[in-house]
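Q: 3D model of this:
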Amino acid sequence: MKLESLVTQATQYENTTVAVAAAEDEEVIEAVTMALDNNFGQFILYGDREKISQLVSQKSKNYAKSGKIQIVHANSKVEAAELAVKAVHLNEANVLMKGNVPTATILKAVLNKEFGLRTGKVLSHVAVFEVAGYDRYIIVTDAAMNIAPDLEQKAQIIANAVSVAKAIGVENPKVAPLAAVEVVNPAMPATLDAAALSAMNKRGQIADCIVDGPLALDNAVSMLAAEHKGIESEVAGQADILLVPNIETGNVLYKSLVYFANAKVGAVIAGAKAPIVLTSRADSAESKLYSLALAVCTASK
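A: Numbers count the residues shown, from 1 in each chain. As a prediction, this is how the structure comes out:
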């Protein structure tokens with residue numbers, strides 16, 4: 001599967017509006033321009049009006065008067081984050097995007113009890129990869145939000161990833177809770193959680209997917225490796241979603257795919273009222289475009 005297909009899918013949703021917090025950033029405006037060049041999204045840009053206007057005139061002048069870009073002044077990054085979150089809270093926007101503002105600042109606004117985007121669910125990072133040689137997306141969760149999730153949090157992280165997977169056409173995703181081995185070992189908590197999650201899935205506590213684990217990474221994604229180990233499973237070698245046991249594992253796996261495998265990626269934070277795009281300066285322009293497209297597709301479902 002190609003992530004470019006997400007861009008094509010995003011063009012089908014004409015009324016999706018993205019609220020960008022602290023948009024006075026060259027790379028943010030470039031991402032907005034790329035989305036508009038690909039015919040999806042409308043944008044409300046919150047922040048320093050003068051700086052944003054200058055950047056729009058330089059980077060996105062073709063859209064300055066198109067009605068697809070609206071600029072709302074904010075006196076500080078904190079205010080920009082709050083205004084952007086309030087726009088989503090009030091259904092004036094369908095997607096929240098982080099601009100030139102610290103992640104902690106925007107998440108504080110997201111979690112605000114009065115105007116935030118809480119749903120009672122765990123917020124988790126869902127990354128969709130296009131990896132050369134695979135005929136499917138590889139979804140990794142959670143590489144950025146939850147440090148050491150417990151069993152209940154892992155169940156919610158799976159649910160968030162499943163909702164994203166279904167939004168991009170993976171109807172009954174196969175979930176592999178990852179560990180270092182394929183057998184339950186009381187000395188390895190990740191294997192205990194994986195077995196419990198598999199049982200919860202079989203009993204209907206985790207729905208709309210197939211969960212089986214513990215599985216080591218090779219046996220989760222390679223049919224050949226699974227066959228060599230004699231593993232019989234609906235998930236082994238065919239996993240769509242890789243559930244990592246902790247943030248360190250997720251972070252290393254995410255960056256290994258990007259830097260060693262040259263994988264393409266788009267990612268969102270799921271579990272809030274609306275998908276959240278938290279791009280960083282290290283992300284390529286292409287990755288930011290895919291993240292926006294993924295968010296638009298997720299919001300529309």
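
Q: C-terminal to the helix or strand containing Ile158, what's the next element?
A: Using DSSP states H and E, Ile158 sits in helix 151-167. Helices and strands here follow DSSP H and E; after helix 151-167, the next one along the chain is strand 174-177.

Q: Now that following strand - C-alpha only, CSV.
A: The C-alpha coordinates for strand 174-177 follow below in CSV (Å, rounded to 0.1, in the frame of the first residue of the first chain):
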residue,chain,number,x,y,z
LYS,A,174,-4.5,-8.0,12.7
VAL,A,175,-2.7,-6.8,15.9
ALA,A,176,0.5,-8.2,17.2
PRO,A,177,1.5,-7.3,20.8
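
Q: who touches it?
A: By Cβ atoms under 8 Å, 6 or more residues apart in numbering, the residues outside strand 174-177 that reach it are 154, 158, 161-162, 190, 193-194, 197-198, 201, 209-215, 220-221, 234-236, 238-243, 245. Yep, even glycine has a C-beta here, placed from its N, CA and C like the rest.

Q: Of these, grab the buried ones for ChimeraX.
A: Selecting the buried subset of the contacts of strand 174-177 in ChimeraX, with 16 or more other Cβ atoms under 10 Å as the burial test, is done by:
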select :154,158,161,162,190,193,194,197,198,201,209,210,211,212,213,214,215,220,221,235,236,238,239,240,241,242,243,245
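
Q: Walking through this structure, point out its strands one by one.
A: 17-21, 42-47, 69-73, 95-98, 124-130, 138-141, 174-177, 210-211, 241-243, 264-270, 276-277 (DSSP state E).

Q: which stretch among these comes nearest Leu253?
A: Leu253 sits nearest to strand 138-141 of all the strands of the chain, at 5.8 Å, using Cβ to Cβ.

Q: Now do that closest one: which elements does it pack against?
A: Strand 138-141 sits against strand 124-130, helix 151-167, strand 241-243, helix 247-259, with contacts defined as 3 or more Cβ pairs under 8 Å, 6 or more residues apart in numbering; DSSP states H and E.

Q: Nothing else from me, thank you.
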